[in-house]
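Pasting the sequence and the predicted coordinates here, then a few questions.
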Amino acid sequence: MKHFSSLTVRTLTVLSVVTLLLFAIALLPGAFYSNADNEAASIPASGVAEERGFPNFDIRTQMDAESSDRLAGFRASVGKDASLVADLRDEIVRGEDALRTRLPDVVVEYNDRVGAAEVISPNVWKKEGVELLTPPSGGDRPTLLRNFLKDNARLVGLDPVETDSLKVTADYTNPDGNLSFAHLEQTIDRVPVFAGEVKAGFDRNGSIVRVINNLAPALDYNALSKDFGDPADAVRAAASYIDHELRPEDIAIDRAASTEMKTVFGGDPRSKIRNPQSSDWATTAEKMYFPTEPGVAIPSWRVLIWEPRDAYYVIVDAASGTLLWRKNITEDQTQPATYNVYRNPGSYLDVADSPAPFTPGPTSPNGQQAPVISRSDITLIGNEGANSFNNLGWINDGANITDGNSNQAGIDRDGINGVDAAQTGSPNRVFAAPTWNPPPGNPAPGDSPLVAQAQRGAVIQMFYVMNRYHDELYKRGFTEAARNFQNNNFSRGGLGLDRVSSEGQDSSGINNANFSTPADGG
């Protein structure tokens, strides 16, 4: 028998919490990483990321002379030189030294973009005596996080007034009660700082177990330019960096949909009435301060441009149109994976794995084919029992199409983003395809996917599966505060108007599988 010879109960508890944190990070990638600056690419087995279109770009990590000259110009625009920026970086390191006087084993990792102390964590691999970042507390989580930042002002590069001005964008506990999160964002005169955010994870006793920090350090808010220029100029510049051809209507401002901080394009400039259908795939430009180094940030625009297959965020300098940052936010599922799992005869999502399920299947190839099963009716609102968080159910009362709060489902074969048309209930709120006969068919070989009943049946099945998937993720912590995908967030945190567009037979991607993820509310 193996024994844990020197581990204390406290250490085991901490390691358990960290294990849960890692599980939560894997399940909810938005919970512990920067939403605005998530640049991770899918890496295949070869270790080399496949790229198509235009590669991701960040001027701060480029090593060429042109980028260096641009950064020097931005530095000079706020009255700083390389020597002063180096002093600011040294001050951050001195802040780490000060933290170590209290937590000698603290782990601090710096990012390669502005040199911020991005990860602040206890050393959980110690065999004993692991000390969390803060003691247990029953206090308000955002306040506890602010106090931690104030205690480590040199490390994070914010003074107490700036820390108090951070905006609370999330404060929630996972449904199991073991982990809680607080999330603060940095703004200057209400304008967001790109990737300017800090998140903390708390155990059930209220101790901070980890901080992820991307706040822009050492900025003099009063010294920054307030001139953002013309958002249409920003769109023209951004489009040039992805070879996107703009039509005249693409730079016509939809004034009914626009705000002081975000300009929406593609509308009729003569109209004062918003057209939600056209706004779903509209080009947008959002004001942001883009930090380039400690103490340096410039006015910029984050432009979102949708193409038939890909979608891009492109950030450009408001003054010159210089490319600062670019990311293709559409990722295809192109890499095969093998999952060796124990199967449960009862489906987890109440979904059959095919029209002819043969689970676990024959033990060897023998030519057997599972019989085609019958479809059955299930009648529900979508907010019964444990799914009461679906305030509006799966489909809003009075509606009669495969379109609800979490997703809209339909066929998309025309090459234009968005479903060609959602399916309509017939009779009212009854969604069925009575003659649909999917392969292998009964009788064989089954319907072509282009048959109208086959397309209708596939959309109904997809709408059902996507709602089930949404509900199970929600119960495991992917709530509104965790920035899930919903049209209406019911004042429970995060931003709405970002339901999933479930598009069947959309052959513009690879294997009919791709997913674009704009920022929350996009």
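Structure received.

any chance you could map the helices in this structure?
Taking DSSP state H, the helices of the chain run over residues 9-27, 65-77, 82-100, 141-151, 153-156, 160-164, 231-240, 276-279, 452-475.

Okay, now the unreliable bits of the stretch 301-450 of the chain?
Across the stretch 301-450 of the chain, the ranges flagged by pLDDT under 70 are 332-345, 359-367.

before we move on, the earlier item: return the member of the helices of the chain having the minimum mean pLDDT.
Lowest mean pLDDT of the helices of the chain: helix 9-27, a mean of 38.

among the helices of the chain, which is nearest residue 214?
Distance to residue 214, taken as C-beta to C-beta, is lowest for helix 153-156 among those, at 10.1 Å. Using the backbone N, CA and C atoms, a C-beta is placed for each residue, glycine as well.

So which residues make contact with that closest one?
Here helix 153-156 makes contact (C-beta atoms under 8 Å, 6 or more residues apart in numbering) with 91-92, 94-96, 98-99, 108, 116-117, 120, 149, 159-160, 163, 198, 213, 215, 217.

Can I get that helix in CSV? Just the C-alpha atoms.
This file holds the C-alpha atoms of helix 153-156, laid out as CSV (Å, rounded to 0.1, in the frame of the first residue of the first chain):
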residue,chain,number,x,y,z
ALA,A,153,0.6,48.0,-6.5
ARG,A,154,4.2,48.0,-7.8
LEU,A,155,3.8,44.5,-9.2
VAL,A,156,0.6,45.2,-11.2
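
Quick check: closest non-adjacent residue to residue 358.
The shortest distance from residue 358 to any non-neighbouring residue, by C-beta to C-beta, 6 or more residues apart in numbering, is to residue 370 (3.4 Å).

That neighbour contacts residue 353, correct?
No - with contact defined as C-beta atoms under 8 Å, residue 370 does not count as touching residue 353 (10.1 Å).

Which one of those two is surrounded by more residues?
Legend: neighbour count by other C-beta atoms under 10 Å for residue 370 and residue 353, higher for residue 370 (14 against 10).

Distance of that one relative to residue 438?
Distance from residue 370 to residue 438, counting by C-beta to C-beta, to the nearest Å: 13 Å.

And for residue 391?
In this view, residue 391 and residue 438 are 34 Å apart by C-beta to C-beta.

Spit out the contact partners of the closest residue to residue 500 other than its chain neighbours.
Spatial nearest neighbour of residue 500, excluding adjacent residues (C-beta to C-beta, 6+ apart): residue 407 at 4.0 Å. By C-beta under 8 Å, 6+ apart, the contact set of residue 407 is 463, 466, 467, 470, 485, 499, 500, 501, 502.

any chance of the residues you listed in a markdown table, plus neighbour count and distance to residue 75?
Shown next, in a markdown table, are those (neighbours: other C-beta atoms under 10 Å; distance: C-beta to C-beta, whole Å):
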| residue | neighbour count | distance to residue 75 |
| --- | --- | --- |
| 463 | 26 | 52 |
| 466 | 21 | 48 |
| 467 | 26 | 51 |
| 470 | 24 | 46 |
| 485 | 20 | 39 |
| 499 | 20 | 42 |
| 500 | 19 | 42 |
| 501 | 20 | 42 |
| 502 | 23 | 46 |
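
And the pLDDT at the closest residue to residue 488 other than its chain neighbours?
Nearest non-adjacent residue to residue 488, counting by C-beta to C-beta, 6+ apart: residue 496, 5.2 Å away. At residue 496, the pLDDT value in this model is 91.

tell me the contacts of residue 496?
Residues near residue 496 by C-beta under 8 Å, 6+ apart: 480, 486, 487, 488, 489, 521.

residues touching the last one, list them.
Each residue near residue 521 by C-beta under 8 Å, 6+ apart is listed here: 494, 495, 496, 497, 498.

so residue 404 makes contact with residue 397?
No - if you go by C-beta under 8 Å, residue 404 and residue 397 don't touch, sitting 10.9 Å apart.

So which of those two has more stuff around it?
More neighbours surround residue 404 than the other of residue 404 and residue 397, with 24 against 8 (other C-beta under 10 Å).

And the more buried one, how far from residue 485?
Residue 404 sits 12 Å away from residue 485, going by C-beta to C-beta.

shared neighbours of those two, anything?
Listed contacts common to residue 404 and residue 485 are residue 499; contacts here mean C-beta under 8 Å, 6+ apart.

now the strands for the stretch 201-350 of the chain?
Here the stretch 201-350 of the chain has its strands, by DSSP state E, counting those that start in this stretch, at 208-213, 262-264, 284-293, 296-306, 311-317, 323-328, 330-332.

how far is stretch 371-390 from where the chain is centred?
Stretch 371-390 has its C-alpha centroid displaced from the chain centroid by 28 Å (C-alpha atoms, centre = their mean, to the nearest Å).

What's the end-to-end length of it?
Stretch 371-390 has its terminal residues 36 Å apart, counting by C-alpha to C-alpha, to the nearest Å.

now swap in stretch 95-109 and tell me
By C-alpha to C-alpha, the extent of stretch 95-109 from end to end equals 13 Å.

List the buried residues in it.
Across stretch 95-109, burial judged by 16 or more other C-beta atoms under 10 Å covers 95, 96, 99, 103, 106, 108.

Turn the residues you listed into JSON lines, columns for distance to residue 87.
Shown next, in JSON lines, are the buried residues of stretch 95-109 (distance: C-beta to C-beta, whole Å):
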{"residue": "95", "distance to residue 87": "13"}
{"residue": "96", "distance to residue 87": "15"}
{"residue": "99", "distance to residue 87": "19"}
{"residue": "103", "distance to residue 87": "25"}
{"residue": "106", "distance to residue 87": "23"}
{"residue": "108", "distance to residue 87": "19"}
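
Kindly indicate which of these lies nearest residue 167.
Of all the buried residues of stretch 95-109, residue 167 sits closest to residue 95, with 22.9 Å by C-beta to C-beta.

Surely that closest one and residue 120 touch.
No - between residue 95 and residue 120 there is no contact under C-beta under 8 Å: 10.4 Å.

Quick check: neighbours shared by the two?
By C-beta under 8 Å, 6+ apart, residue 95 and residue 120 have these common neighbours: 152, 155.

Output the contacts of residue 407 as TSV; include the columns distance to residue 231.
Converted to TSV, the contacts of residue 407 look like this (distance: C-beta to C-beta, whole Å):
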residue	distance to residue 231
463	36
466	34
467	36
470	33
485	26
499	26
500	28
501	25
502	31
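
List the residues that contact residue 217.
By C-beta under 8 Å, 6+ apart, the contact set of residue 217 is 88, 92, 114, 115, 116, 156, 157, 158, 294, 295.

from memory residue 98 sits against residue 117, does it?
No - counting by C-beta under 8 Å, residue 98 stays clear of residue 117, with 11.8 Å between them.

Residue 89 against residue 295, yeah?
No - with contact defined as C-beta under 8 Å, residue 89 and residue 295 do not form a contacting pair (9.4 Å).

Which one's more surrounded, those two?
Legend: neighbour count by other C-beta under 10 Å for residue 89 and residue 295, higher for residue 295 (24 against 18).

was I right about the more buried one contacting residue 87?
No - counting by C-beta under 8 Å, residue 295 does not reach residue 87; the two are 9.1 Å apart.

Tell me the one of the contacts of residue 407 nearest residue 286?
For the contacts of residue 407, the minimum distance to residue 286 (C-beta to C-beta) is 19.1 Å, reached by residue 485.
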